[in-house]
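Enquirer: One predicted model, sequence on top.
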Amino acid sequence: GQNIDQPTEMTATEGAIVQINCTYQTSGFNGLFWYQQHAGEAPTFLSYNVLDGLEEKGRFSSFLSRSKGYSYLLLKELQMKDSASYLCAVRDQPRPGAGSYQLTFGKGTKLSVIP
Amino acid sequence: DSGVTQTPKHLITATGQRVTLRCSPRSGDLSVYWYQQSLDQGLQFLIQYYNGEERAKGNILERFSAQQFPDLHSELNLSSLELGDSALYFCASSEGDGLAGFYEQYFGPGTRLTVT
């Protein structure tokens, strides 16, 4: 089984930097994903980490430490359109007989960006 | 627009009924995944098909079943519906089979199911 924890809600100011943390416990780890989801819409892919370190992609960066079971998503120069839920998801080995790798999502962090 | 289509967009039905949700993957994608998203449980993986075959199973109830057809579209069948089945159901697709390497899942717009 696995356990994924992330804060339920966060608030940050337009133009600022915010860090959303995600901790996980799992066996057979095979990658960590971050998705953005606006209310009532489909999740969209932001980043993927499988090795330790920082992956940078424009205003968004994601960090992974496998030994600590920890990741964060860093959003810089926040814009009002960044108000959304951010989902941390772990890919790991499935339960016996359940087939191939699958993604398990955390419950998401709802980020509100205020002027 | 991810290229994944889902129908219908909204569905309202009564307890005990059966419904079918439909998904067409992006052109060229062979894998289809089904997810359920409710307010209290978050996004939960249900089942994956790859090129017509079941490849992975998550927390899918026995009342639910799915299949992927030769043209790669997929259907999720939900039967003996209960109030707790009310949720957003997302379909996603990817190129690979999810066994190795990086793969990005592209999500459809979802079907909102309301059971009354």
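Expert: Now that the structure is in, tell me what you want to look at. Numbers count the residues shown, from 1 in each chain, chains lettered A, B, ... in the order given.

Enquirer: buried stuff in the helix or strand bottoming out on mean pLDDT in chain B?
Expert: When each helix and strand of chain B is scored by mean pLDDT, DSSP states H and E, strand B:53-57 comes last, with a mean of 90. Going by neighbour count (16 or more other C-beta atoms under 10 Å in any protein chain shown), the buried part of strand B:53-57 is B:55-57. (C-beta placed from N, C-alpha, C; glycine too.)

Enquirer: Within range of chain A, give me the residues from chain B.
Expert: Applying C-beta under 8 Å from any C-beta of the partner chain, we find that chain B lies next to chain A at B:2, B:4, B:41-45, B:48, B:54-58, B:90, B:97-99, B:102, B:104-110.

Enquirer: Can you give me the end-to-end span of stretch B:69-78?
Expert: 17 Å (C-alpha to C-alpha, to the nearest Å).

Enquirer: Work out for me the element the residue positioned nearest the centre of chain A sits within.
Expert: Centroid-nearest residue in chain A: A:C88, 2.9 Å away (criterion: C-alpha atoms, centre = their mean). Following DSSP states H and E, the helix or strand that holds A:C88 is strand A:84-92.

Enquirer: returning to that earlier point: per-residue confidence for the spatially closest residue to the residue nearest to the centre of chain A that is not a sequence neighbour?
Expert: Nearest non-adjacent residue to A:C88, counting by C-beta to C-beta, 6 or more residues apart in numbering or on different chains: A:C22, 3.5 Å away. Note on A:C22: pLDDT of 98.

Enquirer: Kindly report the same for B:L113.
Expert: 97.

Enquirer: Can I get whichever strand or helix holds it in PDB? Just the C-alpha atoms.
Expert: Using DSSP H and E, B:L113 sits within strand B:111-115. Written as PDB, here are the backbone C-alpha positions of strand B:111-115 (Å, rounded to 0.1, in the frame of the first residue of the first chain):
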ATOM      1  CA  THR B 111     -18.200  12.800 -16.900                       C
ATOM      2  CA  ARG B 112     -20.000  14.100 -13.800                       C
ATOM      3  CA  LEU B 113     -22.300  11.400 -12.500                       C
ATOM      4  CA  THR B 114     -25.000  12.200 -10.000                       C
ATOM      5  CA  VAL B 115     -27.000   9.400  -8.400                       C
END
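
Enquirer: related to what we said a few turns ago, name all residues that make contact with the residue nearest to A:C88.
Expert: When contacts are counted by C-beta atoms under 8 Å, 6 or more residues apart in numbering or on different chains, A:C22 touches A:4-6, A:32, A:34, A:70-73, A:88, A:106.

Enquirer: Residues in contact with the helix-or-strand element of chain A with minimal mean pLDDT: which ones?
Expert: Least confident helix or strand, chain A: strand A:102-105 with a mean of 87, by mean pLDDT, DSSP H and E. Residues outside strand A:102-105 that contact it (C-beta under 8 Å, 6+ apart) are A:2, A:4, A:26, A:33, A:35, A:87-92, A:94, B:42-45, B:48, B:56, B:58, B:98, B:105.
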